[in-house]
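Asks: Next come a sequence and a model predicted from it.
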Amino acid sequence: MASIELKGAEKWYGQVQVIKGVDLEIEEGEFIIFVGPSGCGKSTLLRMIAGLEETSRGQIMIGGVDATSKPPAERGLAMVFQSYALYPHMSVRDNMGFSLKAAGADKAVIKEKVDEAARVLKLEALLERRPKDLSGGQRQRVAIGRSIVRDPTAFLFDEPLSNLDASLRVEMRYEIAKLHQTLGSTMIYVTHDQVEAMTLADRIVVLEGGHISQVGTPRELYENPGNLFVAQFIGSPKMNVFSAAAQGLRIAETLPAQAQHVGIRPEHISFVAEGEGAFDGAVDVVEYLGADCFVIVDAGDIGQINVRVEGETTLQPGQRLGLSFGPEYTHTFDAQGQALKS
């Protein structure tokens, strides 16, 4: 295990700056997830830590040692990519032990480490198979096992589940969470899927346009987003946001004077009689999901509002009603999109 620290890290491609002075401290054994939309710089930042991309300015410290100019092989890190990159002619055992064999490790040591990694990842019964005989989830576990046998100081994951279908992604999320509990290793994980981020991370680093927008635990980011970008990126479905000056909003006088935008999570809205609550609207669409329903309401100038309802609902499209929410669940943001203190 090792701590990792970024000090003013920048990445330039010619005159274009894609990573803009990132400062970040990652503690030993911490599971950190970089999340953000496509093009925000999350994979570039991960590759800079790995040494696969040169750091234009700033420092990358690994275990308290400046590793900024070190090649990837000298950083003691293991990277798991989006593609499995397994050798098709080799067995699972040979794929997992290849890096140790290439380094000249003793056969007995290789066998011991491969067997231990296979035990952790529940791959014992698959060690003699070839990659073509494995499912996508099994191939990804082999790719992770190949990293484990190297006994790295930290694991780097670059969108490892994006090639899997929905059910396999859920299964592999569980496997990776259990792996972190078992190994206790430092892990940095890149994804564009905020559900993966919320379920796996000790802390989430939200990136926007090459800089850090906010860092915090999943609960901190969900309950106390620091700005409008984080508020709408974290959470599924996303936070409802509307103008504080919208026509038909009956709580405008209770909002802070600087408030330009109002946000409310779908689960924090309740239905009341028309004319009561914060504003009125008409049911547009009802989405039945089994345990929950999402009711999408057309609220005129306020816009479309998504409401989460537990269980079933008798609401029908076209039905008019009021929408209410408590001040303790209301988020407000200024003209620059920064959260206002309540």
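Replies: Received, thanks.

Asks: For burial, what's the neighbour tally of the nearest residue to residue 30 once chain neighbours are set aside?
Replies: Closest residue to residue 30 apart from its sequence neighbours, by Cβ to Cβ, 6 or more residues apart in numbering: residue 202 at 5.1 Å. C-beta: built from backbone N, CA, C; applies to glycine. Using other Cβ atoms under 10 Å, residue 202 is surrounded by 15 other residues.

Asks: for residue 22, same thing?
Replies: 21.

Asks: Next: residue 193.
Replies: 17.

Asks: now residue 335
Replies: 9.

Asks: thought it was touching residue 245?
Replies: No: here residue 335 does not reach residue 245: they are 11.3 Å apart, not a contact under Cβ atoms under 8 Å.

Asks: shared neighbours, these two?
Replies: residue 260 (Cβ atoms under 8 Å, 6 or more residues apart in numbering).

Asks: Give me the helices and strands touching the longest helix along the chain, please.
Replies: Longest helix in the chain, counting residues (DSSP state H): helix 166-183. Applying 3 or more Cβ pairs under 8 Å, 6 or more residues apart in numbering; DSSP states H and E, one finds that helix 166-183 contacts helix 107-120, helix 136-148, helix 194-200.

Asks: so after the last one, what's the next helix or strand?
Replies: This means helix 194-200. strand 203-208 (DSSP states H and E).

Asks: The following helix or strand past that following strand to strand 203-208, inter-axis angle?
Replies: Per DSSP H and E, the first helix or strand lying C-terminal to strand 203-208 is strand 211-216. If you take axes from the mean of the first three to the mean of the last three Cα atoms, to 10 degrees, strand 211-216 sits at 150 degrees to strand 203-208.

Asks: what about strand 211-216, distance to the chain center?
Replies: 12 Å (Cα atoms, centre = their mean, to the nearest Å).

Asks: on that earlier part again, which other residues reach the very next helix or strand once past the longest helix of the chain?
Replies: Once the chain leaves helix 166-183, the next helix or strand it forms, by DSSP H and E, is strand 186-191. Under the criterion Cβ under 8 Å, 6+ apart, residues 1-4, 26-35, 42-43, 46, 49, 153-162, 176, 180, 196-197, 200-201 lie in contact with strand 186-191.
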